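Participant: please find the sequence and the predicted model below.
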Amino acid sequence: MSHCFTAAQQFTPQGRVLDVKEYGQGNINATFLVTLEGAAVKSFILQRLNTKVFPRPELIMENLRTFTAHLRGRLQQESLPPGRRWEVPEVLLTAGGQDHWFDPDGAFWRALSFIDQARSQDTIQDLEHAREVGYALGRFHYLLSDLPPERLADPLPGFHHLPRYLRHYDQVIAQGPGKQSPEADWCHRYVAARRAGAGVLEEAKAAGKLPRRTIHGDPKVNNVLLDAASGRAVALIDLDTVKPGLVHYDLGDCLRSGCNPLGEETGDWQAVHFDSEICRALLRGYLSQARGFLTSGDYDYLFAAIRLLPFELGLRFFTDYLAGNVYFKVRSPEHNLARALVQFRLMESIELQERVIRGIIGELAGGEF
């Protein structure tokens, strides 16, 4: 909590800082909710960016200001159905007009507006929640579908590039025997059995079969905010990974997160399964917004995305475990291994249901939403 109050004061030209407390459960950045007294707006979000993960945080802030301005412009042109709202976090500035502040230790701080009367859930609660999560991602993609991706910098080169993650895994295990256990040995065998075909999405992009678009980069279930009263989606948050990429990465990651009812942090990895009915509801919500800009080629690669995104994250968790837990926050030395087992088991469940999932994709591709 060092420097939190001082950092908060940099972004409060009006009002007095009453309280700064940790907020959310992010794995990368440190996030705090600031409460004010004597200001029109009573709260805002304060974050200390992890510059080991984001070595060029100024690119993140440039991206934020570019795409949030685009989103607001689109929202002024769009009419929402009665009972719906859609919010976009606003970048707050210091008294000197800067979108960030460096503390005496060199840490990078920034502030964003707080979206009130909203909440998130770590796991899907029911099929209506699943549809709202899909709607949120589809809405986000739709509103940014006319933003040329080249207008955005890439703050994380190689993010979602599975062949690169495999090369990094190879480099880590080449450095020594690493950690040994029955679970780690199982993970090594799992990776070896599924290396072939890991580059299918990147190969399709290189061949021009899949276009680059503006993507969120990390659309997990708990990054979708729901209206506290109606339960309808009102925002997609955690926007540091917005970048040029494939919408397949977002959709595959969202389904990976949403269709595992036990959640990413379950200790019972062998009971993990992919829920096809949640998949159907989430895709239905997504396509209600995204159907207009998706191509037939996009649909051809949806199953590959659903299958490969758990493999990607499981590989990242496992590699970080082998490397000594240097990237993701962990609660114990074995935490990343446990996370990897969950993702690999989820991929197995997807593979066993390939026919069912492909059937859902085919059914919804031409359906009414």
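Facilitator: It's in.
Participant: ok, which stretches of the stretch 201-350 of the chain are helices?
Facilitator: Assigned by DSSP state H, counting those that start in this stretch, the helices in the stretch 201-350 of the chain fall at 247-258, 276-290, 296-300, 302-323, 335-352.
Participant: now residue 55: how far from residue 155?
Facilitator: Relative to residue 155, residue 55 is positioned 9 Å away (Cβ to Cβ, to the nearest Å). Yep, even glycine has a C-beta here, placed from its N, CA and C like the rest.
Participant: so the two - more neighbours on which side?
Facilitator: Neighbours were counted for residue 55 and for residue 155 using other Cβ atoms under 10 Å; residue 155 has more, 22 against 10.
Participant: hang on, the earlier thing: of the helices of the stretch 201-350 of the chain, which is nearest residue 231?
Facilitator: Proximity to residue 231, assessed across these by Cβ to Cβ, is greatest for helix 276-290 (12.6 Å).
Participant: mind checking which helix or strand residue 9 is in?
Facilitator: helix 4-10 (DSSP states H and E).
Participant: any idea how far that helix is from the middle of the chain?
Facilitator: Put simply, helix 4-10 sits 27 Å off its chain's centre (Cα atoms, centre = their mean, to the nearest Å).
Participant: run through who's touching that helix.
Facilitator: Here helix 4-10 makes contact (Cβ atoms under 8 Å, 6 or more residues apart in numbering) with 17, 20, 32, 34, 46, 48, 94, 95, 101, 103, 109, 111.
Participant: mind checking which of those are buried?
Facilitator: 17, 20, 32, 34, 46, 48, 94, 101, 109, 111 (16 or more other Cβ atoms under 10 Å).
Participant: where's the residue most central in space within the chain relative to residue 131, distance?
Facilitator: For the chain, the residue nearest the mean C-alpha position is residue 218 (1.3 Å; Cα atoms, centre = their mean). Separation of residue 218 from residue 131 (Cβ to Cβ) stands at 20 Å.
Participant: please apply the same query to residue 24.
Facilitator: Taken as Cβ to Cβ, the span from residue 24 to residue 131 is 24 Å.
Participant: more neighbours, those two?
Facilitator: Taking neighbours as other Cβ under 10 Å, residue 24 and residue 131 compare with residue 131 leading, 23 against 16.
Participant: report the contact partners of the more buried one.
Facilitator: With Cβ under 8 Å, 6+ apart, residue 131 has these contacts: 281, 282, 284, 285.
Participant: picking up where we left off before, check the contacts of helix 4-10 against residue 313 and report the nearest one.
Facilitator: Nearest member of these to residue 313, counting by Cβ to Cβ, is residue 48, at 23.9 Å.
Participant: the closest one: what's its closest spatial neighbour, skipping adjacent residues?
Facilitator: Nearest non-adjacent residue to residue 48, counting by Cβ to Cβ, 6 or more residues apart in numbering: residue 30, 4.3 Å away.
Participant: ok, now residue 133?
Facilitator: In space, residue 133 is closest to residue 224, 4.9 Å off (Cβ to Cβ, 6+ apart).
Participant: what's the local residue count around the one you found?
Facilitator: 27.
Participant: give the contact list for it.
Facilitator: Neighbours of residue 224 in contact, by Cβ under 8 Å, 6+ apart: 120, 132, 133, 136, 137, 233, 235, 236, 237.
Participant: swap in 7 Å and give it another go.
Facilitator: If you count contacts by Cβ atoms under 7 Å, 6 or more residues apart in numbering, residue 224 has them with 120, 133, 136, 233, 236.
Participant: out of these, which are inside strands?
Facilitator: Using DSSP state E, the subset of those located in strands is 233, 236.
Participant: quick one on the thing from earlier: winner for burial among the helices of the stretch 201-350 of the chain?
Facilitator: Of those, the one with the most neighbours on average (mean count of other Cβ atoms under 10 Å) is helix 247-258, at a mean of 27.
Participant: and it, how far from the chain's centre?
Facilitator: 8 Å.
Participant: ok, now stretch 38-47?
Facilitator: With Cα atoms, centre = their mean, you get 25 Å for stretch 38-47.
Participant: may I have it exported as CSV, CA atoms only?
Facilitator: What follows is stretch 38-47, C-alpha atoms only, in CSV (Å, rounded to 0.1, in the frame of the first residue of the first chain):
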residue,chain,number,x,y,z
GLY,A,38,-16.3,16.8,-1.0
ALA,A,39,-16.2,15.9,-4.7
ALA,A,40,-19.0,15.4,-7.2
VAL,A,41,-17.7,12.0,-8.1
LYS,A,42,-17.2,9.9,-4.9
SER,A,43,-15.0,7.1,-6.2
PHE,A,44,-12.4,6.2,-8.8
ILE,A,45,-10.1,3.3,-9.6
LEU,A,46,-6.4,3.7,-9.0
GLN,A,47,-3.9,1.2,-10.4
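Participant: which other residues reach that stretch?
Facilitator: 7-8, 11-12, 14-16, 20, 23, 29-36, 92, 109-114.
Participant: how about that stretch: buried residues?
Facilitator: So for stretch 38-47, counting by 16+ other Cβ under 10 Å, buried means 43, 44, 45, 46, 47.
Participant: for stretch 244-262, C-alpha coordinates in CSV please.
Facilitator: Extracted C-alpha coordinates of stretch 244-262, given in CSV (Å, rounded to 0.1, in the frame of the first residue of the first chain):
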residue,chain,number,x,y,z
PRO,A,244,-4.6,-5.6,-32.8
GLY,A,245,-5.4,-9.3,-33.0
LEU,A,246,-7.9,-12.0,-33.8
VAL,A,247,-11.4,-11.8,-32.3
HIS,A,248,-11.0,-15.6,-32.1
TYR,A,249,-8.5,-15.1,-29.2
ASP,A,250,-11.1,-13.1,-27.3
LEU,A,251,-14.0,-15.4,-28.0
GLY,A,252,-12.0,-18.5,-27.2
ASP,A,253,-10.7,-17.0,-24.0
CYS,A,254,-14.2,-15.9,-23.0
LEU,A,255,-15.6,-19.4,-23.5
ARG,A,256,-12.6,-20.9,-21.7
SER,A,257,-13.3,-18.7,-18.7
GLY,A,258,-17.1,-19.0,-18.8
CYS,A,259,-17.7,-22.6,-19.7
ASN,A,260,-15.8,-24.0,-16.7
PRO,A,261,-18.4,-23.9,-13.9
LEU,A,262,-15.8,-24.8,-11.3
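Participant: thank you kindly, that will do.
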